[in-house]
Structure formats: C-alpha cells, structure tokens
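Colleague: Need a 3D model of the sequence below.
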Amino acid sequence: ILLLISSGLVSLLTAQTSPARSAAYAAFEPLLHRSWHADEVWDNGQRFKQSIHFSTDLNGHIIRAETMGFTDAAQTQWGARNHGIRRWNPTTERMEFYEFDALGGLTTGYLSFAGDSIFYHYEYGGNEMTDAWIPVDEDLYQFLVGIRHDGEWKQVFLHTKFYAHMPDLSPPTADAPLPYREIPPAPASYNACSVVARMIDGLGFRYYWATEGLRAEDLAYRPSPDGRSIAETNEHIHDLVQMVHRAIVGQPIIRGGAYTAPPFEEQRRIILMRLKEASDILRVSHPDEMQNFKLIFQRGERRSEYPFWNNLNGPLADALWHVGQMVMMRRAAGNPFNSKVNLFQGKLRE
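Modeller: Predicted structure coming up:
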C-alpha cells in the first residue's frame with residue numbers, strides 16, 4: 001500500500017511539473033494581478049461590458065478570475081458577475097475551468113493553448129463554444145466568442161478587445177445617464193482599491209448635488225472681486241478629476257498648449273462620468289495595482305511621475321474642498337443646496 005501511495009505521489013508531482021502544465025500557467029502570466037476591461041455589443045444587440053481581475057491562490061495552483069458585469073437580465077445592475085477558477089488536472093493532463101455566475105449558473109470546460117493565446121472550450125445551448133484570448137501587446141488582448149473547429153472560426157458571436165486600462169478619453173456622450181444621483185452600493189470588501197473607489201463615489205455624489213439646478217446667475221457668482229466664481233471653481237474641479245481619472249487609466253496629464261474649457265453642462269457630465277469610470281476600475285482592481293496608478297505629468301519632452309499617495313492628498317482632497325466651496329457659494333447666491341440630500345445615506349430623503 002505504501003508503495004502504491006508513494007508511486008501515486010510521484011506521478012502527481014511529475015504531472016504538476018510537466019511541460020504542458022508549465023506552459024498553461026505561463027500563458028496566464030501577462031494577465032495576472034491586473035484588471036482587464038471590455039465594452040462591446042453582441043451580434044444580437046445586447047451589451048457586453050466586463051472588467052476581469054486575474055490572480056493566483058493556493059500557492060499558485062489555481063488562477064482566480066473575478067468578473068464585474070451586469071448582474072440582471074435587463075442589464076441595469078452592475079456588480080460582481082462571475083467567480084472563476086482555472087486549475088491543472090493532472091489526471092486529464094489539461095487545464096480546466098469553473099465559472100460561477102451571479103444568476104446561479106455554472107459553466108465548466110477545459111482550456112487549450114497556441115503560443116500565448118488562450119482558448120476556452122465549453123458547451124452552451126447545444127453548441128461546442130470557444131472563447132479566445134489572443135494577445136496583441138502587453139496591455140491589449142483580442143477576445144472572440146464563437147464556434148471554432150480544427151483551428152478555424154465557423155461562426156463568431158462577439159469580437160472585441162480587453163484592455164488593461166480602458167483607453168477612451170473622449171467626452172461622454174450627451175445621451176448617457178448621469179451617475180451619482182444616489183451613491184452606488186458599497187464594495188463587497190475592504191481593500192486599498194475599494195476604499196479609494198468609495199471615496200470617489202462620495203465625491204461624485206456630493207458633486208452631483210452641489211451642481212444640480214445651478215442657474216446662469218449662480219455660475220457667475222463670486223464671493224469677492226478677486227475670488228473664483230462658481231463656474232471657475234467648477235472648471236478647476238474638472239481639471240482635478242481629469243488628473244484622478246488619467247492616473248487610474250494609465251494616461252499622462254498633458255501640460256502646456258492651447259486649451260478651451262467646455263461649457264458648464266459638458267464639464268459636469270465629464271466630471272461625473274470620469275469619476276464613475278475611475279471607481280468602476282478600482283472596484284475590480286487588485287490592491288497590488290495601486291502602485292501602477294501613478295500621476296504622470298508631461299510637458300513636451302519633460303515627464304514627471306508621482307505615486308497614488310499624491311492623488312489622495314492632492315487632486316482628490318482638493319476636489320472635495322472645492323465642492324464644499326460651491327455649496328457655500330450657491331447658498332450665498334440665493335440658490336441653496338437641496339435640503340433633502342442625505343449625505344450620510346447617499347440618497348434623497350423621501
């Protein structure tokens with residue numbers, strides 16, 4: 001019996017260190033300890049929006065994939081969507097995956113690899129499906145979902161890209177609903193990223209109501225001849241929030257050159273949407289990633305970098321400071337802050 005146990009243990013250890021196993025785990029290395037974001041539309045018109053964070057657990061024997069996405073069929077609720085595990089099965093000599101979702105489902109299957117590309121194989125709706133992660137560069141993967149046989153795609157239902165940081169820095173569209181009328185639900189757990197995300201949510205909620213219902217005469221109000229007006233204070237908050245957002249999406253803050261501030265309503269929309277995007281990224285990021293969220297200033301060829309610590313005591317704290325100033329100034333202008341706003345609960349009182 002001892003001989004059988006010993007020989008079985010040797011076989012297991014040999015399998016665990018096999019070249020196939022090593023190659024499987026190596027394919028995930030570029031994805032690990034980072035969050036990946038995609039926003040696309042399925043061929044049936046439904047939106048595909050996900051943020052996935054990959055990490056290892058149990059001494060590196062399993063790979064975890066935590067996915068944020070829509071948690072209801074109507075695609076109105078955003079939160080923890082999937083909890084996934086990838087692990088090497090020494091018996092079948094292949095990597096297997098288990099994907100639990102917020103709707104109570106479980107998808108299982110196996111993975112195959114071609115160079116650095118990763119392919120998930122599973123059954124869905126009576127079809128043998130394949131999801132593919134195909135690297136483009138260190139911050140970008142092509143992602144395909146469809147039916148694939150003998151190395152060829154027979155049908156593709158989704159073709160999009162996962163970015164290490166979402167690169168869209170264009171102004172949000174005018175028809176997108178504004179966030180932060182109410183503060184979003186708190187993150188499920190406490191860590192460096194979720195705490196900063198909640199700070200940003202608090203800023204977004206306070207800013208929403210500090211600027212809701214401002215009139216033209218309010219925007220022009222200034223407490224003294226040499227003091228900032230409400231409109232000028234809002235422009236400064238706009239610049240501060242851009243700094244916070246660009247640090248989290250990994251983009252430099254460009255200094256110098258001509259600049260024309262957008263109108264107040266567009267500034268307000270950009271501020272609220274950028275805060276929400278930054279918070280969403282942080283909610284699915286791993287605490288180890290905080291060191292990547294640097295403030296990068298660039299003026300021509302000159303470039304300087306600061307850690308996220310400076311974002312906390314700099315732009316974030318400064319933006320909260322100026323939101324309070326706007327509340328004070330609008331009261332002095334005769335248009336006070338809505339008294340039904342419950343800052344502690346993050347919603348309007350009934």
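Colleague: Quick check: residue 330 vs residue 226, distance?
Modeller: 19 Å (Cβ to Cβ, to the nearest Å). (Glycine included, C-beta is placed from N, CA and C.)
Colleague: So for these two, which residue has more residues nearby?
Modeller: The residue with more neighbours, out of residue 330 and residue 226, is residue 330; 22 against 6, by other Cβ atoms under 10 Å.
Colleague: Would you confirm that the more buried one belongs to a helix?
Modeller: Yes: applying DSSP: H, G, I helix; E, B strand; the rest coil, one finds residue 330 inside a helix.
Colleague: OK, contacts around it?
Modeller: Residue 330 makes contact with 210, 214, 218, 221, 230, 336-337 under the criterion Cβ atoms under 8 Å, 6 or more residues apart in numbering.
Colleague: tell me the pLDDT at it?
Modeller: You'll see residue 330 listed with a pLDDT of 96.
Colleague: which regions of the stretch 251-350 of the chain lie under the pLDDT threshold?
Modeller: In the predicted model of the stretch 251-350 of the chain, residues 258 satisfy pLDDT under 70.
Colleague: Apologies, that question was intended for the stretch 51-200 of the chain.
Modeller: Within the stretch 51-200 of the chain, the stretches with pLDDT under 70 are 165-176.
Colleague: show me where this protein has helices.
Modeller: 2-16, 19-28, 192-211, 216-220, 230-249, 264-283, 309-311, 317-332 (DSSP state H).
Colleague: So the protein: which segments form each domain?
Modeller: Residue ranges for the domains of the chain, per automatic domain parsing: 18-163, 192-348.
Colleague: Can you give the distance of the longest one from its chain's centre?
Modeller: Taking the mean C-alpha point of domain 192-348 and that of its whole chain, the gap between them comes to 18 Å (Cα atoms, centre = their mean, to the nearest Å).
Colleague: go on, the shortest one?
Modeller: The gap between where domain 18-163 is centred and where its chain is centred comes out at 17 Å by Cα atoms, centre = their mean.
Colleague: Mind checking the helices of the chain for the one nearest to residue 124?
Modeller: helix 19-28 (22.3 Å; Cβ to Cβ).
Colleague: And the contacts of that closest one?
Modeller: 15, 54, 60, 63, 86, 88, 90, 93-95, 111, 113, 116-118.
Colleague: Can you select the buried ones among those residues for me in ChimeraX?
Modeller: Those of these that count as buried under 16 or more other Cβ atoms under 10 Å are selected in ChimeraX with:
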select :15,54,63,86,88,90,94,95,111,113,118
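Colleague: which of the contacts of residue 330 are buried?
Modeller: Here, 16+ other Cβ under 10 Å leaves 210, 214, 218, 221, 230, 337 buried among the contacts of residue 330.
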